[in-house]
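S.K.: Everything below, folded, please.
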Amino acid sequence: MALVKPFKAIRPTKDKVSFVASRSYEEYPKDELKSVLKYNPFSFLHIINPGFKFDKSITGKERFRLVHNRYLEFLEEHIFQKDDQACFYLYQIGKGDFKSLGFFCACSVADYRKDVIKKHEDTIQHRERLFADYLHTVGFNAEPVLMTYTDNDFIHTIFQQEVQKQPEYAFSTTDRVSHKLWKISDKKTIKSLEAAFAQMDALYIADGHHRSASSNLLAKKMEGQNKAHTGKEAYNFFMAYLIPESQIKIYEFNRMVKDLNGHTKKEFLIKLDEHFRIEKREDGLYKPTKKHHFSMYLEGEFYSLYLRRTNYTFTNALSKLDTQILFKTILEPILGITDLRNDKRISYGYGKHNLIKMKDCVDEGKFAVGFSLVPITIEEIKSIADAGLVMPPKSTYIEPKLRSGLAIYEL
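M.R.: Numbers count the residues shown, from 1 in each chain. Got it, this is the predicted structure:
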(Lines give C-alpha, C1' and ligand atoms only; values in the text may rest on other atoms or scores of the structure.)
Protein backbone atom coordinates (compact mmCIF):
# COMPACT_ATOMS: atom_id res chain seq x y z
CA MET A 1 0.00 0.00 0.00
CA ALA A 2 1.73 3.17 -1.24
CA LEU A 3 0.83 6.53 0.27
CA VAL A 4 0.95 9.63 -1.94
CA LYS A 5 -0.24 13.03 -0.75
CA PRO A 6 -0.90 16.39 -2.42
CA PHE A 7 0.93 19.40 -1.01
CA LYS A 8 0.93 23.19 -1.21
CA ALA A 9 3.88 23.85 -3.48
CA ILE A 10 6.08 26.90 -3.57
CA ARG A 11 6.37 27.66 -7.29
CA PRO A 12 7.70 30.35 -9.62
CA THR A 13 5.25 32.89 -10.98
CA LYS A 14 4.20 32.20 -14.57
CA ASP A 15 6.17 35.09 -16.02
CA LYS A 16 9.45 33.95 -14.43
CA VAL A 17 9.26 30.15 -14.46
CA SER A 18 11.47 29.71 -17.54
CA PHE A 19 14.15 31.87 -15.88
CA VAL A 20 13.91 30.14 -12.49
CA ALA A 21 14.05 26.48 -13.59
CA SER A 22 17.60 25.15 -13.61
CA ARG A 23 19.40 21.90 -14.28
CA SER A 24 21.17 20.11 -11.47
CA TYR A 25 24.01 22.25 -10.12
CA GLU A 26 26.61 19.59 -10.96
CA GLU A 27 25.64 19.59 -14.65
CA TYR A 28 26.87 23.13 -15.31
CA PRO A 29 30.41 23.70 -16.58
CA LYS A 30 32.11 26.50 -14.63
CA ASP A 31 31.84 29.07 -17.43
CA GLU A 32 28.14 28.41 -18.02
CA LEU A 33 27.38 28.48 -14.30
CA LYS A 34 29.13 31.82 -13.93
CA SER A 35 27.26 33.23 -16.93
CA VAL A 36 23.84 32.12 -15.64
CA LEU A 37 24.51 33.59 -12.20
CA LYS A 38 25.75 36.84 -13.72
CA TYR A 39 22.99 37.45 -16.26
CA ASN A 40 19.92 35.67 -14.85
CA PRO A 41 18.88 37.07 -11.45
CA PHE A 42 15.87 34.75 -11.28
CA SER A 43 17.74 31.43 -11.65
CA PHE A 44 17.23 28.91 -8.87
CA LEU A 45 21.03 28.58 -8.96
CA HIS A 46 21.21 31.82 -6.95
CA ILE A 47 19.49 30.06 -4.06
CA ILE A 48 21.76 27.02 -3.98
CA ASN A 49 24.89 29.08 -4.75
CA PRO A 50 24.40 32.01 -2.34
CA GLY A 51 28.08 32.93 -2.21
CA PHE A 52 27.85 34.49 -5.68
CA LYS A 53 26.13 37.51 -4.17
CA PHE A 54 29.21 38.15 -2.02
CA ASP A 55 31.76 37.04 -4.62
CA LYS A 56 32.89 34.38 -2.16
CA SER A 57 32.95 30.60 -2.02
CA ILE A 58 30.91 29.57 1.01
CA THR A 59 30.61 26.02 2.36
CA GLY A 60 29.21 24.13 5.31
CA LYS A 61 26.53 25.37 7.67
CA GLU A 62 27.15 28.99 6.71
CA ARG A 63 26.15 28.11 3.15
CA PHE A 64 23.04 26.31 4.40
CA ARG A 65 21.91 29.43 6.30
CA LEU A 66 22.51 31.63 3.27
CA VAL A 67 20.57 29.23 1.03
CA HIS A 68 17.64 29.71 3.41
CA ASN A 69 18.07 33.50 3.17
CA ARG A 70 18.15 33.51 -0.63
CA TYR A 71 15.01 31.35 -0.62
CA LEU A 72 13.25 33.89 1.61
CA GLU A 73 14.33 36.66 -0.76
CA PHE A 74 12.74 34.86 -3.72
CA LEU A 75 9.50 34.70 -1.72
CA GLU A 76 9.72 38.34 -0.62
CA GLU A 77 10.40 39.50 -4.17
CA HIS A 78 7.42 37.46 -5.47
CA ILE A 79 9.59 35.33 -7.72
CA PHE A 80 8.03 32.44 -5.82
CA GLN A 81 4.42 32.05 -4.75
CA LYS A 82 2.73 29.53 -2.45
CA ASP A 83 -0.40 27.68 -3.53
CA ASP A 84 -3.34 28.09 -1.18
CA GLN A 85 -4.51 24.49 -1.48
CA ALA A 86 -2.82 21.11 -1.62
CA CYS A 87 -2.43 19.78 -5.16
CA PHE A 88 -0.77 17.13 -7.21
CA TYR A 89 1.36 18.65 -9.98
CA LEU A 90 1.32 16.85 -13.31
CA TYR A 91 4.58 17.53 -15.15
CA GLN A 92 5.56 16.59 -18.69
CA ILE A 93 9.16 16.87 -19.79
CA GLY A 94 10.24 16.02 -23.32
CA LYS A 95 13.03 16.25 -25.84
CA GLY A 96 12.66 15.05 -29.40
CA ASP A 97 10.53 11.92 -29.43
CA PHE A 98 11.09 11.13 -25.72
CA LYS A 99 8.48 12.37 -23.24
CA SER A 100 7.75 11.55 -19.63
CA LEU A 101 4.48 12.42 -17.92
CA GLY A 102 4.44 12.05 -14.16
CA PHE A 103 3.47 14.04 -11.12
CA PHE A 104 4.96 15.76 -8.08
CA CYS A 105 3.61 14.50 -4.78
CA ALA A 106 4.62 13.94 -1.17
CA CYS A 107 5.68 10.40 -0.29
CA SER A 108 5.92 8.89 3.17
CA VAL A 109 9.13 8.15 5.09
CA ALA A 110 7.09 5.39 6.77
CA ASP A 111 6.77 3.72 3.37
CA TYR A 112 10.53 4.11 2.95
CA ARG A 113 11.12 2.37 6.27
CA LYS A 114 8.63 -0.41 5.52
CA ASP A 115 10.26 -1.08 2.12
CA VAL A 116 7.12 -0.11 0.25
CA ILE A 117 9.51 2.33 -1.39
CA LYS A 118 12.15 0.02 -2.85
CA LYS A 119 15.86 0.81 -3.15
CA HIS A 120 18.61 -0.64 -5.34
CA GLU A 121 21.64 1.48 -4.37
CA ASP A 122 23.77 1.85 -1.25
CA THR A 123 24.02 5.25 0.39
CA ILE A 124 26.98 6.83 2.13
CA GLN A 125 26.24 7.74 5.75
CA HIS A 126 28.15 11.01 5.87
CA ARG A 127 26.31 12.21 2.75
CA GLU A 128 22.99 11.24 4.35
CA ARG A 129 23.83 13.25 7.47
CA LEU A 130 25.09 16.22 5.47
CA PHE A 131 21.95 16.48 3.35
CA ALA A 132 19.70 15.92 6.38
CA ASP A 133 21.44 18.88 8.07
CA TYR A 134 20.98 20.87 4.89
CA LEU A 135 17.23 20.15 4.77
CA HIS A 136 16.85 21.00 8.45
CA THR A 137 18.54 24.38 7.99
CA VAL A 138 17.05 25.51 4.67
CA GLY A 139 13.54 24.28 5.50
CA PHE A 140 12.55 23.13 2.03
CA ASN A 141 12.97 20.29 -0.44
CA ALA A 142 13.52 21.33 -4.06
CA GLU A 143 15.02 18.11 -5.46
CA PRO A 144 12.37 15.42 -5.92
CA VAL A 145 13.17 11.75 -5.69
CA LEU A 146 12.46 10.12 -9.06
CA MET A 147 10.36 6.98 -8.59
CA THR A 148 8.52 4.61 -10.89
CA TYR A 149 5.36 2.56 -10.63
CA THR A 150 3.81 -0.19 -12.73
CA ASP A 151 1.86 1.23 -15.66
CA ASN A 152 -1.76 1.69 -14.63
CA ASP A 153 -4.62 2.29 -17.09
CA PHE A 154 -6.79 4.09 -14.54
CA ILE A 155 -4.05 6.58 -13.61
CA HIS A 156 -3.13 7.00 -17.28
CA THR A 157 -6.75 7.90 -18.13
CA ILE A 158 -6.86 10.56 -15.41
CA PHE A 159 -3.61 12.07 -16.62
CA GLN A 160 -4.76 12.14 -20.24
CA GLN A 161 -7.90 13.99 -19.18
CA GLU A 162 -5.84 16.53 -17.23
CA VAL A 163 -3.42 17.30 -20.07
CA GLN A 164 -6.36 18.40 -22.23
CA LYS A 165 -6.68 21.41 -19.94
CA GLN A 166 -4.69 24.62 -20.13
CA PRO A 167 -1.32 24.05 -18.44
CA GLU A 168 -0.14 26.23 -15.60
CA TYR A 169 3.30 26.37 -17.26
CA ALA A 170 4.38 25.72 -20.83
CA PHE A 171 7.91 26.70 -21.82
CA SER A 172 11.10 25.43 -23.42
CA THR A 173 14.66 25.71 -22.17
CA THR A 174 17.78 26.46 -24.17
CA ASP A 175 18.75 22.76 -24.33
CA ARG A 176 15.59 22.22 -26.44
CA VAL A 177 13.68 20.50 -23.64
CA SER A 178 9.96 21.26 -23.36
CA HIS A 179 8.21 21.59 -20.01
CA LYS A 180 4.51 21.63 -19.14
CA LEU A 181 2.89 21.59 -15.70
CA TRP A 182 -0.75 21.24 -14.67
CA LYS A 183 -2.22 21.64 -11.18
CA ILE A 184 -4.53 18.84 -10.09
CA SER A 185 -6.65 20.52 -7.43
CA ASP A 186 -10.02 18.80 -7.81
CA LYS A 187 -10.61 16.88 -4.57
CA LYS A 188 -12.39 13.99 -6.26
CA THR A 189 -9.52 13.49 -8.70
CA ILE A 190 -6.98 13.71 -5.88
CA LYS A 191 -8.83 11.04 -3.89
CA SER A 192 -9.02 8.81 -6.96
CA LEU A 193 -5.26 9.02 -7.44
CA GLU A 194 -4.58 8.43 -3.75
CA ALA A 195 -6.82 5.34 -3.86
CA ALA A 196 -5.12 4.00 -7.00
CA PHE A 197 -1.68 4.22 -5.42
CA ALA A 198 -2.97 2.73 -2.16
CA GLN A 199 -3.57 -0.47 -4.14
CA MET A 200 0.08 -0.67 -5.23
CA ASP A 201 2.48 -2.91 -3.35
CA ALA A 202 5.60 -0.90 -4.14
CA LEU A 203 7.20 2.18 -5.64
CA TYR A 204 10.77 1.96 -6.97
CA ILE A 205 13.43 4.62 -6.56
CA ALA A 206 15.03 5.33 -9.92
CA ASP A 207 17.16 8.31 -8.90
CA GLY A 208 17.54 9.96 -5.51
CA HIS A 209 18.60 7.31 -3.00
CA HIS A 210 20.57 9.79 -0.90
CA ARG A 211 17.74 12.33 -0.96
CA SER A 212 15.20 9.80 0.31
CA ALA A 213 17.60 8.39 2.92
CA SER A 214 18.37 11.91 4.17
CA SER A 215 14.67 12.74 4.40
CA ASN A 216 14.18 9.63 6.51
CA LEU A 217 17.10 10.61 8.75
CA LEU A 218 15.69 14.12 9.18
CA ALA A 219 12.25 12.73 10.05
CA LYS A 220 13.76 10.58 12.81
CA LYS A 221 15.57 13.60 14.21
CA MET A 222 12.50 15.84 14.11
CA GLU A 223 10.29 13.16 15.62
CA GLY A 224 12.68 12.85 18.54
CA GLN A 225 12.55 16.60 19.15
CA ASN A 226 8.78 16.93 18.84
CA LYS A 227 6.90 15.75 21.93
CA ALA A 228 3.60 16.38 20.13
CA HIS A 229 4.58 14.29 17.09
CA THR A 230 1.55 12.94 15.21
CA GLY A 231 3.03 11.51 12.02
CA LYS A 232 1.23 14.08 9.90
CA GLU A 233 3.90 16.77 10.08
CA ALA A 234 5.55 17.90 6.84
CA TYR A 235 8.88 16.32 7.86
CA ASN A 236 7.24 12.87 7.70
CA PHE A 237 7.11 13.20 3.91
CA PHE A 238 9.44 14.10 1.06
CA MET A 239 8.82 15.38 -2.45
CA ALA A 240 8.85 12.81 -5.23
CA TYR A 241 8.20 12.73 -8.96
CA LEU A 242 6.41 9.53 -9.95
CA ILE A 243 6.32 8.21 -13.50
CA PRO A 244 5.13 4.92 -15.01
CA GLU A 245 7.85 2.40 -15.84
CA SER A 246 7.24 2.73 -19.58
CA GLN A 247 8.29 6.39 -19.51
CA ILE A 248 11.67 6.01 -17.91
CA LYS A 249 14.78 5.83 -20.07
CA ILE A 250 17.88 3.98 -18.87
CA TYR A 251 21.36 4.39 -20.32
CA GLU A 252 24.53 2.47 -19.59
CA PHE A 253 27.71 3.76 -18.00
CA ASN A 254 30.89 2.68 -19.79
CA ARG A 255 33.95 1.78 -17.72
CA MET A 256 37.49 2.97 -18.45
CA VAL A 257 40.57 1.82 -16.53
CA LYS A 258 43.92 3.61 -16.50
CA ASP A 259 46.21 0.56 -16.60
CA LEU A 260 46.20 -3.23 -16.97
CA ASN A 261 47.38 -3.82 -13.40
CA GLY A 262 50.87 -4.84 -14.52
CA HIS A 263 49.73 -7.21 -17.27
CA THR A 264 50.87 -7.06 -20.87
CA LYS A 265 48.19 -7.05 -23.56
CA LYS A 266 48.73 -10.75 -24.27
CA GLU A 267 48.64 -11.70 -20.58
CA PHE A 268 45.47 -9.68 -20.12
CA LEU A 269 43.72 -11.36 -23.06
CA ILE A 270 44.73 -14.81 -21.81
CA LYS A 271 43.22 -14.07 -18.39
CA LEU A 272 40.01 -12.82 -20.04
CA ASP A 273 39.76 -16.11 -21.93
CA GLU A 274 38.78 -17.94 -18.72
CA HIS A 275 35.36 -16.29 -18.63
CA PHE A 276 34.87 -14.94 -22.16
CA ARG A 277 34.92 -15.97 -25.77
CA ILE A 278 36.95 -13.19 -27.38
CA GLU A 279 36.63 -11.95 -30.94
CA LYS A 280 38.53 -9.08 -32.51
CA ARG A 281 36.16 -6.78 -34.40
CA GLU A 282 37.11 -5.55 -37.83
CA ASP A 283 33.98 -3.44 -38.39
CA GLY A 284 34.92 -0.20 -36.62
CA LEU A 285 33.09 0.95 -33.51
CA TYR A 286 31.55 -2.02 -31.75
CA LYS A 287 28.69 -1.66 -29.31
CA PRO A 288 27.13 -4.77 -27.69
CA THR A 289 23.45 -5.45 -28.28
CA LYS A 290 22.74 -8.38 -25.94
CA LYS A 291 22.93 -9.11 -22.23
CA HIS A 292 26.20 -10.68 -21.05
CA HIS A 293 28.01 -9.40 -24.17
CA PHE A 294 30.59 -6.65 -23.75
CA SER A 295 32.60 -4.37 -26.00
CA MET A 296 36.24 -3.80 -25.10
CA TYR A 297 38.62 -1.25 -26.63
CA LEU A 298 42.30 -1.99 -26.13
CA GLU A 299 45.38 -0.63 -27.94
CA GLY A 300 43.47 0.67 -30.94
CA GLU A 301 41.24 -2.37 -31.43
CA PHE A 302 37.68 -3.32 -30.50
CA TYR A 303 36.91 -6.77 -29.12
CA SER A 304 33.64 -8.50 -28.36
CA LEU A 305 33.53 -10.46 -25.12
CA TYR A 306 30.90 -13.19 -24.81
CA LEU A 307 30.39 -14.60 -21.32
CA ARG A 308 31.14 -18.32 -20.98
CA ARG A 309 28.22 -19.65 -18.95
CA THR A 310 30.19 -22.78 -18.09
CA ASN A 311 32.61 -20.77 -15.91
CA TYR A 312 30.15 -18.32 -14.36
CA THR A 313 27.15 -19.25 -12.21
CA PHE A 314 24.01 -17.17 -11.82
CA THR A 315 22.99 -17.34 -8.15
CA ASN A 316 20.62 -14.37 -7.81
CA ALA A 317 19.40 -11.24 -9.59
CA LEU A 318 22.62 -9.36 -8.84
CA SER A 319 24.84 -12.08 -10.32
CA LYS A 320 22.96 -11.72 -13.64
CA LEU A 321 23.62 -7.98 -13.87
CA ASP A 322 26.19 -7.04 -16.52
CA THR A 323 27.87 -4.44 -14.30
CA GLN A 324 28.29 -7.10 -11.61
CA ILE A 325 29.57 -9.68 -14.13
CA LEU A 326 32.18 -7.21 -15.39
CA PHE A 327 33.21 -6.44 -11.81
CA LYS A 328 33.48 -10.07 -10.70
CA THR A 329 35.23 -11.43 -13.80
CA ILE A 330 37.51 -8.56 -14.91
CA LEU A 331 37.67 -5.41 -12.82
CA GLU A 332 38.27 -7.05 -9.44
CA PRO A 333 40.22 -10.27 -10.13
CA ILE A 334 42.31 -9.13 -13.10
CA LEU A 335 42.57 -5.34 -12.89
CA GLY A 336 42.64 -5.19 -9.09
CA ILE A 337 39.79 -2.72 -8.65
CA THR A 338 37.90 -3.51 -5.45
CA ASP A 339 36.29 -0.13 -4.70
CA LEU A 340 34.24 0.95 -7.70
CA ARG A 341 33.17 4.19 -6.04
CA ASN A 342 36.52 5.56 -4.91
CA ASP A 343 39.32 3.91 -6.92
CA LYS A 344 40.98 6.64 -8.99
CA ARG A 345 42.04 4.14 -11.67
CA ILE A 346 38.50 3.71 -12.95
CA SER A 347 36.28 6.28 -14.62
CA TYR A 348 32.74 6.20 -16.02
CA GLY A 349 31.04 7.74 -19.01
CA TYR A 350 27.54 7.90 -20.42
CA GLY A 351 25.76 9.48 -23.32
CA LYS A 352 24.81 9.02 -26.94
CA HIS A 353 28.34 9.43 -28.27
CA ASN A 354 30.20 7.96 -25.33
CA LEU A 355 31.60 4.98 -27.26
CA ILE A 356 33.52 7.45 -29.41
CA LYS A 357 34.63 9.37 -26.32
CA MET A 358 35.80 6.13 -24.72
CA LYS A 359 37.84 5.27 -27.84
CA ASP A 360 39.35 8.76 -27.92
CA CYS A 361 40.36 8.60 -24.25
CA VAL A 362 42.14 5.27 -24.77
CA ASP A 363 43.79 6.47 -27.99
CA GLU A 364 45.06 9.57 -26.18
CA GLY A 365 46.62 7.44 -23.45
CA LYS A 366 44.37 8.65 -20.64
CA PHE A 367 43.15 5.08 -20.13
CA ALA A 368 44.48 1.68 -21.09
CA VAL A 369 41.20 -0.13 -21.69
CA GLY A 370 37.50 0.65 -21.99
CA PHE A 371 34.38 -1.50 -21.66
CA SER A 372 30.92 -0.84 -23.08
CA LEU A 373 27.75 -2.57 -21.86
CA VAL A 374 24.08 -2.70 -22.82
CA PRO A 375 21.71 -0.68 -20.61
CA ILE A 376 20.16 -2.30 -17.57
CA THR A 377 16.39 -2.73 -17.79
CA ILE A 378 13.68 -1.61 -15.39
CA GLU A 379 12.87 -5.28 -14.80
CA GLU A 380 16.44 -5.85 -13.59
CA ILE A 381 16.23 -2.82 -11.29
CA LYS A 382 13.00 -4.15 -9.78
CA SER A 383 14.43 -7.64 -9.33
CA ILE A 384 17.44 -6.23 -7.48
CA ALA A 385 15.23 -4.02 -5.29
CA ASP A 386 12.70 -6.77 -4.55
CA ALA A 387 15.51 -9.07 -3.42
CA GLY A 388 16.98 -6.39 -1.15
CA LEU A 389 20.22 -6.37 -3.16
CA VAL A 390 22.44 -3.49 -4.22
CA MET A 391 23.75 -2.67 -7.70
CA PRO A 392 27.39 -1.73 -8.30
CA PRO A 393 27.92 2.06 -8.49
CA LYS A 394 27.28 3.70 -11.86
CA SER A 395 25.06 0.94 -13.15
CA THR A 396 22.40 3.25 -14.59
CA TYR A 397 22.05 6.74 -15.99
CA ILE A 398 18.36 7.53 -15.86
CA GLU A 399 16.16 10.08 -17.60
CA PRO A 400 14.15 12.21 -17.27
CA LYS A 401 16.44 14.64 -15.47
CA LEU A 402 14.19 17.10 -13.68
CA ARG A 403 14.55 20.86 -13.38
CA SER A 404 15.10 22.37 -9.93
CA GLY A 405 12.80 25.13 -8.73
CA LEU A 406 9.58 24.15 -10.50
CA ALA A 407 7.94 22.85 -7.33
CA ILE A 408 9.25 23.17 -3.79
CA TYR A 409 8.08 21.25 -0.73
CA GLU A 410 8.34 23.14 2.57
CA LEU A 411 9.33 21.11 5.61
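S.K.: Which parts of the stretch 301-411 of the chain are strands?
M.R.: Secondary structure of the stretch 301-411 of the chain by DSSP state E, counting those that start in this stretch: the strands cover 301-307, 346-349, 369-372, 397-399, 409-410.
S.K.: and what of the stretch 1-150 of the chain?
M.R.: With DSSP E, counting those that start in this stretch as the criterion, the stretch 1-150 of the chain has strands spanning 4-5, 10-12, 80-82, 88-95, 98-108, 117-118, 140-141, 145-149.
S.K.: What mean pLDDT does the last one get?
M.R.: Predicted confidence along strand 145-149 averages 97 (mean pLDDT).
S.K.: what's the following helix or strand after it?
M.R.: Counting by DSSP states H and E, the next helix or strand C-terminal to strand 145-149 is helix 153-162.
S.K.: Which positions in that next one come out as buried?
M.R.: 155, 158-159, 162 (16 or more other Cβ atoms under 10 Å). Every C-beta, even on glycine, is put in place using the N, C-alpha and C of the backbone.
S.K.: so which of those residues comes closest to Ala317?
M.R.: Ile155 (27.0 Å; Cβ to Cβ).
S.K.: Without its sequence neighbours, what residue ends up closest to the closest one?
M.R.: Spatial nearest neighbour of Ile155, chain neighbours left out: Ala196 (5.3 Å); criterion: Cβ to Cβ, 6 or more residues apart in numbering.
S.K.: What pLDDT does the model give Ala110?
M.R.: With respect to pLDDT, Ala110 has a value of 97.
S.K.: Tell me where the stretch 51-200 of the chain has helices.
M.R.: Applying DSSP state H, counting those that start in this stretch to the stretch 51-200 of the chain gives helices spanning 60-76, 109-113, 125-138, 153-162, 187-198.
S.K.: Please report the distance of the residue nearest to Ile155 from Glu299.
M.R.: 55 Å (Cβ to Cβ, to the nearest Å).
S.K.: repeat for Val67
M.R.: Val67 is 48 Å from Glu299, by Cβ to Cβ.
S.K.: Which one's more surrounded, those two?
M.R.: Neighbours per residue (other Cβ atoms under 10 Å) separate Val67 from Glu299, with Val67 holding more: 23 against 11.
S.K.: list the contacts for the more buried one?
M.R.: By Cβ atoms under 8 Å, 6 or more residues apart in numbering, the contact list for Val67 reads 47-48, 50, 134, 137-138.
S.K.: PyMOL command to pick out the buried ones of the residues you listed?
M.R.: Remark: buried members of those, expressed as a PyMOL selection using 16+ other Cβ under 10 Å:
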select buried, resi 47+48+50+134+138
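S.K.: Make JSON lines from the contacts of Val67 and add pLDDT and distance to Ser24 to it.
M.R.: Below are these laid out as JSON lines (pLDDT from 0 to 100; distance: Cβ to Cβ, whole Å):
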{"residue": "Ile47", "pLDDT": "96", "distance to Ser24": "14"}
{"residue": "Ile48", "pLDDT": "93", "distance to Ser24": "10"}
{"residue": "Pro50", "pLDDT": "91", "distance to Ser24": "17"}
{"residue": "Tyr134", "pLDDT": "94", "distance to Ser24": "15"}
{"residue": "Thr137", "pLDDT": "95", "distance to Ser24": "20"}
{"residue": "Val138", "pLDDT": "95", "distance to Ser24": "16"}
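S.K.: Show me which of the contacts of Val67 is closest to Gly405.
M.R.: Nearest to Gly405 among those, with distances taken as Cβ to Cβ, is Ile47, at 7.7 Å.
S.K.: Pass me the low-pLDDT residue ranges in the stretch 101-250 of the chain, would you?
M.R.: Within the stretch 101-250 of the chain, no stretch has pLDDT under 70.
S.K.: can you tell which of the strands of the stretch 301-411 of the chain is closest to Ile10?
M.R.: Of these, nearest to Ile10 by Cβ to Cβ is strand 409-410, at 6.2 Å.
S.K.: What pairs with the closest one, parallel or antiparallel?
M.R.: strand 140-141 (antiparallel) (DSSP bridges).
S.K.: Surely His263 is in a strand?
M.R.: No: His263: not assigned to a strand; according to DSSP: H, G, I helix; E, B strand; the rest coil it is coil.
S.K.: where's it relative to Val257, distance?
M.R.: 11 Å.
S.K.: between the two, who's got more neighbours?
M.R.: When His263 and Val257 are compared for neighbours, Val257 comes out ahead with 22 against 17, by other Cβ under 10 Å.
S.K.: from what I can see that one touches Cys361, true?
M.R.: No: judged on Cβ atoms under 8 Å, Val257 makes no contact with Cys361 at a distance of 10.7 Å.
S.K.: what's the spacing between the residue located most distally from the centre of the chain and Arg277?
M.R.: Distance from the C-alpha centroid of the chain, by Cα atoms, centre = their mean, peaks at Lys266 (39.1 Å). Distance check for Lys266 against Arg277: by Cβ to Cβ, it reads 17 Å.
S.K.: And the residue nearest the centre of this protein?
M.R.: Asp207 (2.9 Å).
S.K.: Name the nearest residue to that residue, ignoring sequence neighbours.
M.R.: Asp207 sits nearest to Leu146 (Cβ to Cβ, 6+ apart), 4.1 Å away.
S.K.: who are the neighbours in contact with that neighbour?
M.R.: 205-208, 240-241, 243, 398, 400, 402.
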